[in-house]
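Peer 1: sequence unknown, structure follows:
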């Protein structure tokens, strides 16, 4: 009796590579960017998009600003939570992200839409996490 198994983990890619910049926009206009999450492995995986906790976002922002030579004005949401989303979309300030969860089969892909409705004047930046099971 011959028995064999192969241990693997989830492999994936995100295109375009983060960070995503929707560029300068006229107040009151919309701009949309599509992000493709691709399963490059042999197993199905589930994904869930989270809003970054305030302290993680602030520390990442601080370290990235230390690498930049010019400071930037950034507005951040004050009500951040680290919890999975059960809804189909996530609203963060001027941004709407959908879908926020799903399952992707081997060699499959999911298009994730990031929409921005330019509201108040200034720079708006939000931090998201994409959690992939078995990574």
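Peer 2: Everything's here; your move. Note that the coordinates shown come from a computational prediction; the quantities given were computed from them, not determined experimentally.
Peer 1: ok, what's across the strand from residue 101?
Peer 2: Legend: beta-bridge partners of residue 101 under DSSP bridges are residue 48.
Peer 1: how many other residues sit next to it?
Peer 2: Other residues lying near residue 101 total 18 when counted by other Cβ atoms under 10 Å. C-beta: built from backbone N, CA, C; applies to glycine.
Peer 1: pull the helix or strand with minimum mean pLDDT from this protein.
Peer 2: Every helix and strand of the chain was ranked by mean pLDDT, DSSP states H and E. The lowest is helix 54-67, at a mean of 48.
Peer 1: average pLDDT for the helix or strand that that helix is followed by?
Peer 2: Taking DSSP states H and E as the definition, the helix or strand that follows helix 54-67 towards the C-terminus is strand 90-92. If you average the pLDDT over strand 90-92, you get 88.
Peer 1: now do the buried residues in strand 90-92.
Peer 2: Judged by neighbour count using 16 or more other Cβ atoms under 10 Å, the buried positions of strand 90-92 are 90, 92.
Peer 1: what residue ranges in the chain score low on pLDDT?
Peer 2: Within the chain, the stretches with pLDDT under 70 are 55-87.
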